[in-house]
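Novice: Sequence first, then the predicted structure:
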Amino acid sequence: MAICDRDRHEIFASRLLLGLSLAVCFLLLPAAAPAQGSGRIAFESNRSGLYQVYVMNVDGSAQTMLTRQSQNFDPAWSPGGKQLAFESDRDNRRTSEIYTMNANGTRQRRLTTSPAPDRNPAWSPNGKTIAFQSNRTGNYEIYVMNTNGSAQRKLTSKAADDSDPAWSPDGRKIAFDSNRDGNYEIYVMNADGTNQIRLTTNRARDVNPTWSPDAKKIAFESDRDGNNEIYVMNATGSRQTNLTSNAARDSDPTWSPLGRIIAFVSDRDGNAEIYVMNADGSKQTRLTNHPAVDLVPNFWQLPRR
């Protein structure tokens with residue numbers, strides 16, 4: 001999302017202009033046969049007039065609203081699928097904080113209490129830590145905290161915006177985007193903030209990284225061809241390859257748990273909808289069809305063994 005400090009209405013106008021945020025994993029293509037496991041998809045939608053967190057089955061059925069207070073965004077499942085982290089402006093309409101709740105919407109609990117915006121929660125693979133971004137020091141930096149909100153600590157410290165943390169499957173690294181070198185690029189660092197390395201180098205805006213389940217590749221979005229498209233590269237930054245190519249805005253890719261499918265958002269049919277495609281970019285298929293804006297789906301992750 002790579003956002004600056006502005007009110008939520010401006011943030012979502014920016015999302016629609018720059019590519020519409022989404023963090024999602026799917027187990028199947030709609031045209032392919034049965035889902036390769038069970039789970040649910042969490043997402044945000046403004047179909048009620050305000051942005052709220054919803055859940056649905058992997059085939060799009062049983063869509064259920066979980067939040068009702070103020071506006072709520074960016075749901076992220078815990079690894080076992082029992083909880084969701086999300087952000088909400090319910091306690092301060094001018095900013096947002098990180099919350100958690102049970103998968104059925106009960107026991108909504110506030111984790112952060114900063115006067116500055118705290119956004120984009122990402123649950124670590126072992127379920128013990130949540131990464132997020134905050135501009136409590138004047139610009140967006142990557143933070144981590146325990147899942148009860150304790151031990152909040154900053155991992156990045158630059159005179160720039162560092163955003164969109166994404167854990168590697170083994171929990172040892174965090175990918176993120178940053179404009180520290182003049183424009184947004186993809187970086188990776190150790191989970192403790194050390195060894196920050198730039199992976200992309202061009203004049204375009206590269207944001208929203210997401211790891212493949214085998215940790216060998218990172219998908220991301222870029223406007224290097226004039227509008228937002230989905231790209232994939234090796235985890236070292238090599239072999240950057242375009243997966244989508246159309247006049248619409250394609251954004252926020254996320255891998256399925258088995259790595260065969262990439263989900264993303266596109267406005268190619270007139271409004272922001274969720275699509276899926278094979279990991280090589282083939283069989284791009286529309287999954288949602290709703291006049292409202294549906295964003296930030298996130299697939300229930302199977303427990304790590």
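Specialist: Cool, got the structure.
Novice: do you know how far Asn92 is from Thr137?
Specialist: Remark: distance between Asn92 and Thr137 (CB to CB, to the nearest Å) = 18 Å. The C-beta positions use only the backbone N, C-alpha and C, and glycine is treated the same way.
Novice: Which residue ranges of the stretch 1-150 of the chain form strands?
Specialist: Assigned by DSSP state E, counting those that start in this stretch, the strands in the stretch 1-150 of the chain fall at 40-45, 52-57, 64-65, 72-77, 83-88, 97-102, 109-110, 118-123, 129-134, 141-146.
Novice: mean pLDDT for these: which is lowest?
Specialist: Comparing mean pLDDT over these, the weakest stretch is strand 40-45, at a mean of 85.
Novice: Now do that one: everything it contacts.
Specialist: 22, 24, 26, 51-58, 66, 72-77, 81, 84, 103, 274, 290, 292-300 (CB atoms under 8 Å, 6 or more residues apart in numbering).
Novice: To Lys216, which of the strands of the stretch 1-150 of the chain lies closest?
Specialist: Shortest distance between Lys216 and the strands of the stretch 1-150 of the chain, using CB to CB, is found for strand 118-123: 19.6 Å.
Novice: can I assume Tyr231 sits in a strand?
Specialist: Yes. Assigned with DSSP: H, G, I helix; E, B strand; the rest coil, Tyr231 falls within a strand.
Novice: before we move on, the earlier item: turn the strands of the stretch 1-150 of the chain into a markdown table, including mean neighbour count and distance to Leu258.
Specialist: Converted to a markdown table, these look like this (neighbours: other CB atoms under 10 Å; distance: least, CB to CB, whole Å):
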| stretch | mean neighbour count | distance to Leu258 |
| --- | --- | --- |
| strand 40-45 | 23 | 15 |
| strand 52-57 | 21 | 18 |
| strand 64-65 | 13 | 25 |
| strand 72-77 | 25 | 16 |
| strand 83-88 | 24 | 22 |
| strand 97-102 | 22 | 26 |
| strand 109-110 | 12 | 32 |
| strand 118-123 | 25 | 19 |
| strand 129-134 | 24 | 23 |
| strand 141-146 | 21 | 27 |
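Novice: Make CSV out of the ones you listed and add distance to Gln152.
Specialist: Output for the strands of the stretch 1-150 of the chain, formatted as CSV (distance: least, CB to CB, whole Å):
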stretch, distance to Gln152
strand 40-45, 23
strand 52-57, 22
strand 64-65, 29
strand 72-77, 17
strand 83-88, 14
strand 97-102, 10
strand 109-110, 13
strand 118-123, 9
strand 129-134, 9
strand 141-146, 4
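Novice: Among those, single out whichever gets nearest to Asn195.
Specialist: When those are compared by CB to CB, strand 141-146 sits nearest Asn195, at 13.7 Å.
Novice: returning to that earlier point: wait, which of the strands of the stretch 1-150 of the chain is closest to Glu221?
Specialist: Each of the strands of the stretch 1-150 of the chain has some distance to Glu221 by CB to CB; the shortest is strand 118-123, at 14.6 Å.
Novice: Run me through the strand neighbours of that closest one, direction for each.
Specialist: Strands adjacent to strand 118-123 in the sheet, as given by DSSP bridges, are strand 129-134 (antiparallel).
Novice: tilt between the strand it pairs with and strand 97-102?
Specialist: On the basis of axes from the mean of the first three to the mean of the last three CA atoms, to 10 degrees, strand 129-134 is oriented at 150 degrees to strand 97-102.
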